[in-house]
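1. turn this into a model:
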Amino acid sequence: MKAIVIGIMPQERIRARVLSIARGEYKPKPSEPKIWFTSMRSLAEVLSDENRALLKVIQEAKPPSISSLAEMTGRKPGNLSRTLKTMSNYGFVEMKREKNHMRPVAKATEFRIVA
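-> Okay, the predicted model is just below:
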């Protein structure tokens, strides 16, 4: 699995960068971060030791649903669901709908941080 590149930059600079890309003034290189955080603290909250361990469990066990993942990890389904939603928003997890449940799929377990 390929490492996801994560960038850390103040909100104003992220906004200016996005606007210059939208105007066509700047073309990002393929090696540049696609996911941005405004601080190391916000990154650490999303990629805590517990959440990185969760990604590893998802990748290795390939759970068929959130409830089965909750059983594997000993976490409450509601708490786990919120964590997965946050990680999904950043692109670390993909939630695939299957029949009447959602199956989490880890998109990455390795990260490269550019500050």
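2. every contact and neighbour count from this point should use C-alpha atoms.
-> Noted.
3. secondary structure class for residue 43?
-> When classified by DSSP: H, G, I helix; E, B strand; the rest coil, residue 43 comes out as helix.
4. show the contacting residues for it.
-> Going by C-alpha atoms under 8 Å, 6 or more residues apart in numbering, residue 43 touches residue 37.
5. how near is it to residue 49?
-> From residue 43 across to residue 49, the span is 11 Å (C-alpha to C-alpha, to the nearest Å).
6. same deal with residue 40?
-> 14 Å.
7. shouldn't residue 95 be within a helix?
-> No - counting by three-state DSSP, residue 95 falls outside a helix, being strand.
8. and for it, nearest residue in space, chain neighbours not counted?
-> Leaving aside its sequence neighbours, residue 95 sits nearest to residue 104 (C-alpha to C-alpha, 6 or more residues apart in numbering; 4.7 Å).
9. any idea which helix or strand comes after the helix or strand harbouring that neighbour?
-> Using DSSP states H and E, residue 104 falls within strand 101-106. Remark: after strand 101-106, the chain's next helix or strand is strand 111-114, criterion DSSP H and E.
10. packing partners of that following strand?
-> strand 4-8 (3 or more C-alpha pairs under 8 Å, 6 or more residues apart in numbering; DSSP states H and E).
11. centre of the chain versus the strand it packs on, how much separation?
-> Centroid displacement of strand 4-8 relative to its chain, using C-alpha atoms, centre = their mean, to the nearest Å, is 10 Å.
12. that older thread, parallel or antiparallel, list what pairs with the strand holding residue 104.
-> Under the criterion DSSP bridges, strand 101-106 sits next to strand 93-98 (antiparallel) in its sheet.
13. mind listing the helices for this protein?
-> Here the chain has its helices, by DSSP state H, at 11-22, 40-46, 49-61, 66-73, 77-89.
14. restrict the second one to CA atoms and write it as CSV.
-> To tie it back to what came earlier, the one meant is helix 40-46. Provided in CSV are the C-alpha atoms of helix 40-46 (Å, rounded to 0.1, in the frame of the first residue of the first chain):
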residue,chain,number,x,y,z
MET,A,40,0.4,19.0,14.1
ARG,A,41,-2.2,18.8,16.9
SER,A,42,-5.1,18.4,14.5
LEU,A,43,-3.2,15.7,12.6
ALA,A,44,-2.3,13.9,15.9
GLU,A,45,-6.0,13.8,16.9
VAL,A,46,-6.9,12.1,13.6
